Every structure is written in C-alpha cells, then in structure tokens.
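**Q** everything below, folded, please.
(one chain, ligands or ions: 1)
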Amino acid sequence: MPKSFDLFFASSNNHKFLEAKNILDAFGIKLSFSKMNLEEIQSNSLKEIALKKARNAYSKCKKPIIVEDDGLFIDSLGGFPGPYSSYVFKTIGNKGILNLLKNNRSAKFISIIVYCDETTIQSFDAKLDGVISKSQKGQGWGYDPIFVPKNSQKTLAEITNKNELSHRYNALKEFSNWYLHKLKSIDQ
Ligand code: IMP
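**A** Residues are numbered from 1 along each chain as shown. Here you go, the predicted structure:
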C-alpha cells in the first residue's frame, strides 16, 4: 500500500465533504475537511470555475487539496442551470425548476474534481444521466429530491446507494486511480 499523505477537501458544503469522504474511504484514501468559503468566478465553464477555486484553496491552506464544482444541466432548458446551479438553487429552488419543465425531463449532473498541490494541478470530470422527477421526493440535500438517475425509479434522495453511482462517485473514481498511482510512484 502506498504511503498516505494528508489530503484535504476544501469546501463550505458539509454534504459534499461527507459524501466525498465516504467514497474515497472505499478506495483507501483518507480525506480531511478544510472548511472554507471559496470565491466563485462567473463563467460558463465548470472546469474554469473549479480550477480557479482549487488554486485559491491551495493558496489559503498550502496542503494537497481537492475541490469540487457541480452543475445540473437540463436538456429542455438548453443546459440551464449548469454553472449557475448554486445560484438557481438558492433563488428558485427545486420548486422553481419543477415549474419550468414540461414533457422532456432529461438532465445530467456533472462533477469536476480538481486536485492541487505545490507542483501539480489536475482535473477529473464525470456525469450522471437521469431525468427530473414530476415532484420532490425524499429528504436529500440540493437537487437530490428531484433527480432520478438513469435506470432508477427513485430520486437520489430516496436511494440508499447514491455514493456508489453519483456524478461525485464517478469523478472521484477517476481521481482515485490517478492519485493512488501518483502515491505509488512517489513511494518507489
Ligand atoms: P456547487 O458545486 O457547490 O456550485 O454546486 C452547484 C449546485 O448543485 C448547488 O446548489 C448544490 O447544492 C447542487 N449539487 C451539487 N451536487 C449535488 C448533489 O450531489 N446532489 C444534489 N445537489 C447537488
């Protein structure tokens, strides 16, 4: 097993951290929380937002960190709210999203994970396809009560195995492969 270094998740969102910790535990990577408010630039690109956040977080804590930026992209709304998902959740919320939709309810969640240390910055992205439900179901956070993953009848808020199939899981799986390889090469 490669040597383990301290790895921090920089975010103000407890839910995201707990899910990321649970997912990385399963890959044998220990994750600590560096709770901080990170400045979010306005951009149409989640990746650009995430890279900026990661540089900003690293400059504050000077420890190997990962940050995450997500977006909910709804097909019939031309990908809205996408990079504006956080603002839209705070303003019109799940009820507002449901009021905007008619027949085509296809959507996807995208997660971008960025790792940053003194010499390296690397991003990983993944998606989760699904549909927006007709009403809110379950007690989850964010858009979980209205997002039904492909091949499921239940929302992310209702299922018990979100951390085995989510956009976050898919992006962190890519990250884990890369990170464990990096640790191994440092060890040799
Ligand atoms: P951000 O990455 O914090 O900007 O997240 C964008 C928006 O998507 C926020 O409103 C989050 O609450 C929401 N969000 C991100 N990931 C998830 C998730 O796994 N479930 C539900 N909502 C999420």
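
**Q** quick one: stretch 27-37 to chain centroid distance?
**A** Taking CA atoms, centre = their mean, to the nearest Å, one finds the center of stretch 27-37 at 13 Å from the center of the full chain.

**Q** list the buried ones in it?
**A** I29, L31, S34 (16 or more other CB atoms under 10 Å). The way it works is simple: take the backbone N, C-alpha and C, and place the C-beta from them, glycine included.

**Q** before we move on, what about stretch 92-108?
**A** So, applying 16+ other CB under 10 Å, buried residues of stretch 92-108: N94, I97, L98, L101, R105, A107, K108.

**Q** and which of the residues you listed is nearest the ligand?
**A** Nearest to the ligand among these: N94, at 9.4 Å, using CB to the nearest ligand atom.

**Q** skipping its backbone neighbours, what lies nearest the closest one in space?
**A** Excluding the flanking residues, the one nearest N94 by CB to CB, 6 or more residues apart in numbering is I146, at 4.8 Å.

**Q** can you check E174 too?
**A** That would be F124: by CB to CB, 6+ apart, it lies 4.2 Å from E174.

**Q** partner strands of the helix or strand containing that neighbour, with direction?
**A** Assigned by DSSP states H and E, F124 falls within strand 121-132. Here strand 121-132 is paired, per DSSP bridges, with strand 106-116 (antiparallel), strand 147-149 (antiparallel).

**Q** close to the ligand, is it?
**A** No: on the criterion CB under 6 Å from any ligand atom, strand 121-132 is out of touch with the ligand, staying 8.5 Å away.

**Q** check contacts around D70.
**A** Shown in contact with D70 (CB atoms under 8 Å, 6 or more residues apart in numbering): L46, S85, F109, I110, S111, I112, H167, R168.

**Q** so where's the protein shaky on pLDDT?
**A** Scanning the chain for pLDDT under 70 picks out 1-5, 188.

**Q** so the residue of it found nearest the ligand: helix, strand or coil?
**A** With CB to the nearest ligand atom, the shortest gap between the chain and the ligand falls at G142, namely 2.3 Å. Secondary structure for G142, judged by DSSP: H, G, I helix; E, B strand; the rest coil, is coil.

**Q** ok, how many other residues are close to it?
**A** 20 (other CB atoms under 10 Å).

**Q** I'd like the numbering to begin with 51 instead of 1 from here.
**A** New numbering, starting at 51: the last item is G192.

**Q** check contacts around the nearest residue to it once chain neighbours are set aside.
**A** The shortest distance from G192 to any non-neighbouring residue, by CB to CB, 6+ apart, is to F139 (6.2 Å). Residues near F139 by CB under 8 Å, 6+ apart: P131, G192, Y193.
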